[in-house]
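S.K.: need a 3D model of the following:
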Amino acid sequence: MFSLCTAAAVGAVAGVAMRSGLVRWNPRCLPLLCAVATGWIWWRFGGTEYAVPLCILTWWFAALSAVDLRRRRLPNVLTVPGAIVVTAALVSTGSADAVLGGALLFAIYLIVHLLAPAAFGAGDVKLAWSVGSIASLGGAEGWAIAALSAPLATAVVGCVVATFVHRRARIPHGPSMCAATLLASAACLT
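M.R.: Down below sits the predicted model:
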């Protein structure tokens with residue numbers, strides 16, 4: 001229990017540190033997202049070789065989600081460097097095949113964005129490269145889970161919000177992409 005609380009505290013500190021670097025977008029919920037996500041990662045993977053990389057991934061996903069929830073956009077300062085780091089990490093660890101999954105998801109999102117620009121924003125298209133690559137580490141199954149569950153989750157949230165809150169509310173898709181990828185990756189690591 002102590003290690004779980006320590007992990008959550010480390011996540012909160014990471015969230016506060018990242019929030020100070022993202023002042024322009026004012027992601028208020030970032031420390032809370034980082035604390036909860038780090039606690040979950042540590043509870044699920046603590047003591048394994050996956051714990052630290054998943055915590056770092058989770059912090060990046062929390063920053064993306066917090067900014068998207070607050071501003072309804074995924075800024076280049078988060079998506080582009082993330083895509084570069086993910087691609088470099090996969091190539092350097094011998095997992096270059098996973099980059100093909102990123103390219104495939106990127107192509108799908110780009111086509112949808114070009115045909116119906118309101119469906120996905122440009123930030124979602126750029127993020128698709130990274131989340132597709134990461135999800136591909138779990139094989140075709142991990143990629144399919146992440147690729148299909150993200151739009152489904154956004155659609156469900158959109159229906160609930162349209163029914164109970166506001167009919168024309170804009171629902172950010174980035175948090176669903178991040179959550180679906182994290183959960184698919186975690187499921188495939190077991």
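S.K.: what packs against the longest helix seen in the chain?
M.R.: Criterion DSSP state H: the longest helix present in the chain is helix 139-164. In terms of contacts (3 or more Cβ pairs under 8 Å, 6 or more residues apart in numbering; DSSP states H and E), helix 139-164 is packed against helix 98-115, helix 122-136, helix 174-188. Using the backbone N, CA and C atoms, a C-beta is placed for each residue, glycine as well.
S.K.: buried stuff in the last one?
M.R.: Of the residues in helix 174-188, those buried under the neighbour-count criterion (16 or more other Cβ atoms under 10 Å) are 174-186, 188.
S.K.: how about low-confidence regions in this structure?
M.R.: Residues of the chain meeting the criterion pLDDT under 70: 190.
S.K.: out of the helices and strands packed on helix 139-164, the one nearest C34 is which?
M.R.: helix 174-188 (12.4 Å; Cβ to Cβ).
S.K.: which residues does the closest one contact?
M.R.: 37, 44-45, 54, 57-58, 61-62, 64-65, 67-69, 74, 123-124, 127-128, 131, 134-135, 137-139, 141-143, 145-147, 149-151, 153-154, 157 (Cβ atoms under 8 Å, 6 or more residues apart in numbering).
S.K.: separation between S65 and S176?
M.R.: Distance of S65 to S176, given as Cβ to Cβ, to the nearest Å: 9 Å.
S.K.: cool, and V125?
M.R.: 14 Å.
S.K.: same check on Y50?
M.R.: For Y50, the distance to S176 - Cβ to Cβ - is 22 Å.
S.K.: one more: G101?
M.R.: As judged by Cβ to Cβ, G101 and S176 stand 18 Å apart.
S.K.: same check, this time on L110
M.R.: 18 Å.
S.K.: same check, this time on T38
M.R.: According to Cβ to Cβ, T38 stands 20 Å off from S176.
S.K.: do the same with W42
M.R.: From W42 to S176 the distance is 23 Å (Cβ to Cβ).
S.K.: what's the end-to-end length of stretch 21-36?
M.R.: Start-to-end span of stretch 21-36 (Cα to Cα, to the nearest Å) is 20 Å.
S.K.: in that stretch, what counts as buried?
M.R.: Buried residues in stretch 21-36 (16+ other Cβ under 10 Å): 22, 25, 27, 30-31, 33-36.
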